[in-house]
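Colleague: Build the 3D model from these lines:
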Amino acid sequence: MTKDSIDQDLLPVFLEEGKDLLAIIGDGLMRFKDAPDNLQLLSVLRGPIHTIKGSARMTGAMQFGQHWHALEGLIAALLKNEADAHVQVDTLLAYYDRALLMFDALKHPDRFDVPDHVLPLESGHNQLKSAEKKSKKSEEAIAHIRIRANLLDHFLNQAGEISIAGSHVENGVEHLQKITHDLAGNIERIEKHLREAEIQADVHLKFLYRKEMAHTYFDALELDRVTQLQELTRMMSESLGDVASLQKTLGQVVGRVRESAAKRSRLTRNLQQELMAARMVKFKSVNERLQRLIRQVSREVDKEVTLDVLGANQEIDRSVLEKITVVLEHLLRNAIAHGIEHRLARLEAGKSAYGNLFLEVRTEGNELLIRVGDDGKGMNLQRIRDKAISYGLLSEDQNITTENLFELISHPGLSTSDEVTTVSGRGVGLDVVRTEVAALGGRVEVDTRERQGTLFAIYLPLTLAVTQVVLVRLGENTYAIPSLYVEHVMLTKDAAGCNMVDRGTYAWKESEIPVVSLARVLKINSDTNNGSAAVMLKNGKQFIVVLVDAVLGNKEVVTKNMGVQLARVNGLLGATILGTGEIVLILHPARLMQRKDVVAIVPAGDLLSIHEPKVTVMVVDDSLTVRRVLQKLLLREGYAVMLAKDGMDALLQLQKMVPDIMLIDIEMPRMDGFHLLEKVRERPDMLLTPVVVITSRTAKKRQDKAQALGASAYLGKPYQEEQLLTLMTTLIRVRNDR
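Modeller: All right, here's what the predicted structure looks like:
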């Protein structure tokens, strides 16, 4: 039996990793005990068992790793129906209990008297004690403060919460500044009306004075009332001056608060960056762990292999490095077992006797790129195809492509190895790679050449805490797409004025990129406008254009955990909270683009049936509040809205675009509703355009005049929203029927 040779430098790392894996395995076994007929519960455990086995052997706990290898074999037999699951449940739990004892012996060899046949620790007991003493002395000598990693993550998360709360404040300040600006405009209008009232009062007073001179008597009380009116206007003017002064002071306060909010935003951003920098570790911290893995696996398969690491000083987010190290171990183990040939075979092929592996770490744009390659024999694509056909992953007339190669070789249980060894053969390793990389929001690309070797390229986000996203709107909802997946944004009409929706594809770099609605991708109902925006997404060599209602811009957001309810939803990377308080889902384009119904080119006719053009409504009212209320209502109902503050403004906008229906007020400055209605009906292209008059003046004389000028309907304020919407639908349908 192979003896242990514990690496004291790697042991603390393994113990931290093993604690989490043992908890997952134990929980899975207990659930399997309650439902022994559900073999899927057992199949899920193959990944963590395979990982802890490899990590144990790499650390030097060979017998602990052999123990998990035996348990792996028992689970494989159960999944192949070679053993009775009901009978073997107790055996599985016994294996697990023994593994816990062995793990405790690794953590505290001085506290546990473990029999030799369970875990001989050689003379490592005293060595471990000595190492712990040295470690304590070393820590006392270093003038550094050690902080738990989870506490650092908590600090970064709290900084993110501060950033979100600050965004709320900034949005409130912007809203207050806008209100202050509107208040200034209203004060200016009131001053204008007050000056007109003062002029009218003076004119009236002069008229009464002339009348007094023309008659022998005059009612003094009547003159007093006019004098009181003048006094009242003067008092109103003084009060209005006080309000204007308050408005000016308020504007100055808001300006100072806005400056303070901007300063707070900068400080919070700096705090986040410094906390993120504290999370960063150099890749070389796991270099020795990987080198040990190479030496260990090489001895087991009797091959001579070297590993070259490029970019060892590249800094990586600690949480990313922890998760990706397991992935790299699986890839390196597979490269030695499947890719590198034995010494004689390499010499016959004209290669060096030593197999060469290389691992490169670097940043590429906003992504972290890790390349793992070998100079071995490459993948046997024909054998992979045969296996894929036998598993039902490919049909007889399908071939392997660059895009589907990794999906095939990472399918659970698919292995081209003829025999199961301690290193490979169960088809689990690459399944773990796919799962872990997808969980990190990354992707994997594979390139293999016969007799030359295989290259795996892993693309990952630089950090998991803060993400650069592009915000898009679809209906009333906002979604976030990680910027690293966005090639560019565009309007749905190309340079020639041709609508991409009309043909279902988008011409780009001599290729036809499929176009699909984001509403269809997410399988939700939405009246996406086919004349709005589009976003081109990329996933390696795959591209697709998705249609959205609007692109709201770039933003740096704090990624939040979605919770267990949404954690398994395919196509979601996480969630975030905007400054407005809106919760936004962060999409995972790589997963969405892997779906066959998304990648396929959608027929143009089908696309056109999804996107019906919106009805455009022009709202004409001098009241800002009325305009905003109507705008909110109409946008919610799916209308496109044009706003005009009076009749003159409406006429200027009508020169550029004719709406499908108009909602107008009567009393407005510069040009009232009656004159506007008269001008509208003089245009031949607007004779059939429905015009609804909405006013507080409901006298029959006014209604008759509006009807004579060509008004389609007359509504008094206040009105019922449902009444207005029903009326609009009826008028538009009547116009279309004509």
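Colleague: so what's the nearest residue to residue 703 once chain neighbours are set aside up against?
Modeller: Nearest residue to residue 703, sequence neighbours excluded (C-beta to C-beta, 6 or more residues apart in numbering): residue 714, at 4.9 Å. Yep, even glycine has a C-beta here, placed from its N, CA and C like the rest. Residues in contact with residue 714 (C-beta atoms under 8 Å, 6 or more residues apart in numbering) are 692, 693, 695, 698, 703, 706, 707.
Colleague: if I look at residue 714, how far off is residue 473?
Modeller: Residue 714 sits 35 Å away from residue 473, going by C-beta to C-beta, to the nearest Å.
Colleague: got it, and residue 231?
Modeller: 55 Å.
Colleague: more neighbours, the two?
Modeller: With neighbours defined as other C-beta atoms under 10 Å, residue 231 and residue 473 compare such that residue 473 has more, 17 against 11.
Colleague: Show me what the more buried one is bridged to.
Modeller: Beta-bridge partners of residue 473, counted by DSSP bridges, are residue 478, residue 550.
Colleague: So it sits against residue 547, correct?
Modeller: No - using C-beta atoms under 8 Å, residue 473 makes no contact with residue 547, being 11.7 Å away.
Colleague: distance of residue 639 from residue 663?
Modeller: From residue 639 to residue 663 the distance is 11 Å (C-beta to C-beta).
Colleague: Kindly report the same for residue 655.
Modeller: For residue 655, the distance to residue 663 - C-beta to C-beta - is 19 Å.
Colleague: who's more crowded, those two?
Modeller: residue 663 (25 against 7).
Colleague: so the more buried one is in which element?
Modeller: Following DSSP states H and E, the helix or strand that holds residue 663 is strand 661-664.
Colleague: Export the helix or strand that comes right after that strand to PDB, keeping only CA atoms.
Modeller: Downstream of strand 661-664, the next assigned helix or strand under DSSP H and E is helix 673-681. Once non-C-alpha atoms are left out, helix 673-681 reads as follows in PDB (Å, rounded to 0.1, in the frame of the first residue of the first chain):
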ATOM      1  CA  GLY A 673     -55.900  74.300 -27.900                       C
ATOM      2  CA  PHE A 674     -58.600  75.700 -30.200                       C
ATOM      3  CA  HIS A 675     -56.000  77.400 -32.500                       C
ATOM      4  CA  LEU A 676     -53.900  74.300 -32.400                       C
ATOM      5  CA  LEU A 677     -56.900  72.100 -33.400                       C
ATOM      6  CA  GLU A 678     -57.700  74.500 -36.200                       C
ATOM      7  CA  LYS A 679     -54.100  74.300 -37.500                       C
ATOM      8  CA  VAL A 680     -54.100  70.500 -37.300                       C
ATOM      9  CA  ARG A 681     -57.200  70.100 -39.400                       C
END
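Colleague: buried ones in helix 673-681?
Modeller: With burial defined by 16 or more other C-beta atoms under 10 Å, the residues of helix 673-681 counted as buried are 673, 674, 676, 677, 679, 680.
Colleague: How about stretch 368-377?
Modeller: So stretch 368-377, judged by 16+ other C-beta under 10 Å, has buried residues 368, 369, 370, 371, 372, 373, 374, 375, 376, 377.
Colleague: Which of these fall in strands?
Modeller: 368, 369, 370, 371, 372, 373, 374 (DSSP state E).
Colleague: Roughly how far does the residue nearest to residue 703 sit from residue 627?
Modeller: For residue 714 relative to residue 627 (C-beta to C-beta), the value is 19 Å.
Colleague: got it, and residue 334?
Modeller: Residue 334 is 65 Å from residue 627, by C-beta to C-beta.
Colleague: more neighbours, those two?
Modeller: residue 334 (23 against 19).
Colleague: tell me which element that one falls in.
Modeller: helix 318-334.
Colleague: Mind listing residues that contact the next helix or strand after that helix?
Modeller: For helix 318-334, the following helix or strand on the C-terminal side (DSSP H and E) is helix 343-348. For helix 343-348, the surrounding residues in contact (C-beta under 8 Å, 6+ apart) are 303, 304, 340, 352, 353, 355, 377.
Colleague: Return the subset of those residues lying in strands.
Modeller: Using DSSP E, these in strands are residue 355.
Colleague: With distance to residue 42 added, can I get the contacts of helix 343-348 in TSV?
Modeller: TSV is the format used below for the contacts of helix 343-348 (distance: C-beta to C-beta, whole Å):
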residue	distance to residue 42
303	33
304	38
340	32
352	43
353	42
355	35
377	34
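Colleague: Please, a PyMOL command that selects the buried ones among the contacts of helix 343-348?
Modeller: In PyMOL, this line selects whichever of the contacts of helix 343-348 come out buried by 16+ other C-beta under 10 Å:
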select buried, resi 303+340+355+377
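Colleague: Which member of the contacts of helix 343-348 is positioned nearest residue 47?
Modeller: Nearest to residue 47 out of the contacts of helix 343-348 is residue 340 (C-beta to C-beta; 24.3 Å).
Colleague: list the helices and strands the helix holding residue 334 packs on?
Modeller: When contacts are defined as 3 or more C-beta pairs under 8 Å, 6 or more residues apart in numbering; DSSP states H and E, helix 318-334 packs onto helix 46-59, strand 280-282, helix 287-301, strand 355-364, strand 367-374, helix 429-439, strand 453-461.
Colleague: In that helix, which residues are buried?
Modeller: 318, 320-334.
Colleague: So which of the helices and strands packed on helix 318-334 is the most surrounded?
Modeller: Of those, the one with the most neighbours on average (mean count of other C-beta atoms under 10 Å) is helix 46-59, at a mean of 24.
Colleague: elements contacting whichever helix or strand comes after it?
Modeller: Under the assignment DSSP H and E, the closest C-terminal helix or strand after helix 46-59 is helix 62-79. Counting contacts by 3+ C-beta pairs under 8 Å, 6+ apart, helix 62-79 packs against helix 39-43, helix 46-59, helix 85-107.
Colleague: Any idea which residue is closest to the centre of the protein?
Modeller: The centroid of the chain falls nearest to residue 586 when counting by C-alpha atoms, centre = their mean (1.8 Å).
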